[in-house]
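Participant: structure for the following, please:
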Amino acid sequence: MKKLVIIMLLAAFVCTATAQKNAQGAAKRAVQFTVLQWNIWQEGTLIPGGFEAIVGELQNLQPDFVTLSEVRNYNDVDFTHRLCQALKEKGLTYYSFRSKDSGLLSKHPIIDWRPIFPENRDHGSIYKLVAKVQGVEVAVYTGHLDYLDCAYYNVRGYDGNTFKETTKPESIDEVLRLNDLSWRDNAVQIFLNEAGHDIAAGRCVVFGGDFNEPSHLDWIHATANLYDHNGMAIPWTVSTMLQRAGFKDSYRVLYPNPVTHPGFTYPCFNIAAEISKLTWAPKADERERIDLIYYKGRGMEVDKAQIFGPNVCVCRSQPAQDKWDDPILLPKGGTWPTDHRGLLVKFIVK
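Facilitator: Next up is the predicted model:
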């Protein structure tokens, strides 16, 4: 009997040790990487010391990938190359390629890159890179979508092209008609076509950008009478397209309630800028979550998502302190270089 008990105890010990070893092995096999979406407001040129502030914040965060909006290449200087060189002086190695309007940085050597929706007459852009993270191929897309025909401003009584006061649309159909005059849906359809090849190849796909269009996950019945939504719950075109194609909104995966976690990224208050430069609808509450990171891929999970920037936005031409439960990652430096807040997301691939 004693021998049987000893054998059973030994067997239990071996099973426990094996289970622990397997769990540790699975943890080791899980690949992690971070993505930062950041609109840098004309390369930080509108804020004194803006470029240095961009470099400083990237040095602090050290994300694996950065999806940039408002890359201009002023004076024919390749902005992302300049940024990589500045980070190199800080002891950090990043890779990139020349692009216009939107840009990409990668901590990992770039296997391939290409323009997906090149900038044309200021109607937005999308670029793509492919890199390996611990053996896992990741396709990262950056987008700065068309800022014109911006119908969420029409809802608030401002023309989405001239940004002058106008009559508010009376129906959701009219809002979507105005919205779909933009090139945003065209750009996203081309993205979906290209991303389909990545998914077929077994890659993880990430799409970060300033979408210049809200999410249907934010404009729901519970928020219809908040933030000057004018009583409307709107199925915005681009976010609906992405959801139907199986892409997930990383922030809403962790924080599905837009009442408690609105996640606003624009307009962000900036003490170094005149407030008139920070608002397109000075009499309205125009706060929106338009800087987003979508993802799709086998085994991909969101581990962490944070709004990156000051905890103050702009509402009716006044600074408005955050009062919600959004996780805010405050900047380390004293200078904030932009009128947007960013989004930092940590992914795990199992």
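Participant: my read is that K350 contacts G299, right?
Facilitator: Yes. Counting by Cβ atoms under 8 Å, K350 does reach G299; the two are 4.5 Å apart. No exception for glycine: its C-beta is placed from N, CA and C like everyone else's.
Participant: per-residue pLDDT of R29, please?
Facilitator: At R29, the model reports a pLDDT of 73.
Participant: and the residue nearest to it when sequence neighbours are not counted, how close does it get to C204?
Facilitator: Leaving out its chain neighbours, the residue that sits closest to R29 by Cβ to Cβ, 6 or more residues apart in numbering is K350, at 7.5 Å. Going from K350 to C204 by Cβ to Cβ, to the nearest Å gives 11 Å.
Participant: for the stretch 1-150 of the chain, just list every one of the helices.
Facilitator: 2-29, 50-61, 79-88 (DSSP state H, counting those that start in this stretch).
Participant: what do K350 and C204 both touch?
Facilitator: Counting by Cβ atoms under 8 Å, 6 or more residues apart in numbering, the contacts common to K350 and C204 are G299.
Participant: those two: which is more packed in?
Facilitator: Higher neighbour count among K350 and C204: C204, with 22 against 11, using other Cβ atoms under 10 Å.
Participant: list phi and psi for P256.
Facilitator: phi -80, psi -10 (degrees, to the nearest 10).
Participant: what do you get for T260?
Facilitator: Torsion angles, degrees, to the nearest 10, at T260: phi -90, psi -20.
Participant: what's the least confident stretch among the helices of the stretch 1-150 of the chain?
Facilitator: helix 2-29 (a mean of 49).
Participant: which neighbouring elements make contact with the helix or strand hosting Y251?
Facilitator: For Y251, the host element (DSSP states H and E) is helix 250-254. Where contact means 3 or more Cβ pairs under 8 Å, 6 or more residues apart in numbering; DSSP states H and E, helix 250-254 is packed against strand 291-296, strand 300-308, strand 342-349.
Participant: chain center to the shortest one: distance?
Facilitator: Computed by Cα atoms, centre = their mean, to the nearest Å, the chain-centroid distance of strand 291-296 equals 6 Å.
Participant: adjacent strands (with direction) for that strand?
Facilitator: strand 204-210 (antiparallel), strand 248-249 (antiparallel) (DSSP bridges).
Participant: which other residues reach it?
Facilitator: Strand 291-296 is contacted from outside by 35, 37-39, 67, 69, 195, 199, 204-211, 215, 239, 242, 245-251, 265-266, 302, 305, 340-343, 345, 347, using Cβ under 8 Å, 6+ apart.
Participant: filter these down to the buried ones, ChimeraX style.
Facilitator: The following ChimeraX line selects those of these that are buried, judged by 16 or more other Cβ atoms under 10 Å:
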select :35,37,38,39,67,69,195,199,204,205,206,207,208,209,210,211,215,239,242,245,247,248,249,250,251,265,266,302,305,340,341,342,343,345,347
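Participant: mind listing what the closest residue in space to L176 that isn't next to it in sequence touches?
Facilitator: The shortest distance from L176 to any non-neighbouring residue, by Cβ to Cβ, 6+ apart, is to T237 (6.5 Å). By Cβ under 8 Å, 6+ apart, the contact list for T237 reads L176, N179, D180, R184, D185, E213.
Participant: tabulate those residues in a markdown table, adding columns for distance to H221 and pLDDT.
Facilitator: Below are those laid out as a markdown table (distance: Cβ to Cβ, whole Å; pLDDT from 0 to 100):
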| residue | distance to H221 | pLDDT |
| --- | --- | --- |
| L176 | 17 | 99 |
| N179 | 19 | 99 |
| D180 | 22 | 98 |
| R184 | 24 | 99 |
| D185 | 24 | 99 |
| E213 | 19 | 99 |
